[in-house]
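Student: Here is a sequence together with a model predicted from it:
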Amino acid sequence: MGDTINHLKEKIRDIPDFPKPGVVFKDITPLLADAQAFRTAVDLIGDRYRDRGIDVVVGIEARGFIIASALAYKLGMGHVVIRKAGKLPFKTHQAVYQLEYGTDTLEIHEDAIQPGMRVLIADDVLATGGTVVTAVDLVKKLGGEIMELTFLVELTFLKGREKLNNYPLFSLIQY
Ligand code: AMP
């Protein structure tokens, strides 16, 4: 397992000072572009969620969609999208969250999740955790039950996990 994870790590490259000075961006595009690495990553995450009674996978715009839709397809589930403000065409619920400078808004269609549905939330990278906390709020607002939060990559030194200690959280690759 360690070898497999190290092999996947070789497909993720560090981009220093992107999108701004001081941030080391984890660029997962080489992993996504490699057929074997992408399949391995999705299989390793997806196998964890067989027979767990999950109803739907929620993905967070934009790179979260890549992981969430592959997982949803693999698991035979639907994929619900959480998008940046102004992108969804039907009636939405909104949640605002704090960025380093200013705020951002995420939205979900108000009929996307029925009360009691068992939800898996997926994103590419867990950094400070602000984004996924907001996604959790939206799913809860619609009455969804959070089964787990799942990530391809976790930046453990940013301690995002501590903001989410009420929820089971899994990441395939840690830095
Ligand atoms: P956060 O709300 O801080 O957990 O940030 C989460 C979102 O920002 C994720 O959806 C990532 O796509 C993106 N992100 C934040 N920091 C990084 C990073 N260092 N490398 C790649 N993506 C990042």
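Tutor: Noted; the coordinates are in hand.

Student: centroid residue for this protein?
Tutor: In the chain, the C-alpha closest to the average C-alpha coordinate belongs to residue 123, at a distance of 1.3 Å (C-alpha atoms, centre = their mean).

Student: For the helix or strand that residue falls within, name the packing helices and strands.
Tutor: For residue 123, the enclosing helix or strand under DSSP states H and E is strand 118-126. In terms of contacts (3 or more C-beta pairs under 8 Å, 6 or more residues apart in numbering; DSSP states H and E), strand 118-126 is packed against strand 56-60, helix 63-75, helix 130-141, strand 145-154. No exception for glycine: its C-beta is placed from N, CA and C like everyone else's.

Student: avg pLDDT for that strand?
Tutor: When pLDDT is averaged along strand 118-126, the result is 98.

Student: again with stretch 159-175
Tutor: For stretch 159-175, mean pLDDT rounds to 96.

Student: Endpoints of that stretch, how far apart?
Tutor: Separation of the first and last residues of stretch 159-175 by C-alpha to C-alpha, to the nearest Å is 11 Å.

Student: Equivalent analysis for stretch 157-174, please.
Tutor: First residue to last in stretch 157-174 (C-alpha to C-alpha) measures 10 Å.

Student: next one: that stretch to chain centre, how far?
Tutor: From the chain centre to the centre of stretch 157-174 is a distance of 11 Å (C-alpha atoms, centre = their mean, to the nearest Å).

Student: What distance do you get for the spatially closest residue to the residue nearest to the centre of the chain that is not a sequence neighbour to the ligand?
Tutor: Spatial nearest neighbour of residue 123, chain neighbours left out: residue 64 (3.9 Å); criterion: C-beta to C-beta, 6 or more residues apart in numbering. Taking C-beta to the nearest ligand atom, to the nearest Å as the measure, residue 64 falls 6 Å from the ligand.

Student: Name the SS class of residue 18, please.
Tutor: coil (DSSP: H, G, I helix; E, B strand; the rest coil).

Student: Give me the distance between the nearest residue to it once chain neighbours are set aside and the ligand.
Tutor: Closest residue to residue 18 in three dimensions, ignoring its sequence neighbours and counting by C-beta to C-beta, 6+ apart: residue 25, at 4.2 Å. As defined by C-beta to the nearest ligand atom, residue 25 lies at a distance of 4 Å from the ligand.

Student: Quick check: can you name the pairing partners of whichever strand or helix holds residue 25 and their directions?
Tutor: Following DSSP H and E, the helix or strand that holds residue 25 is strand 24-27. When pairing is defined by DSSP bridges, strand 24-27 lines up against strand 13-16 (antiparallel).

Student: Give me the pLDDT value at residue 98.
Tutor: On the pLDDT scale, residue 98 is placed at 85.
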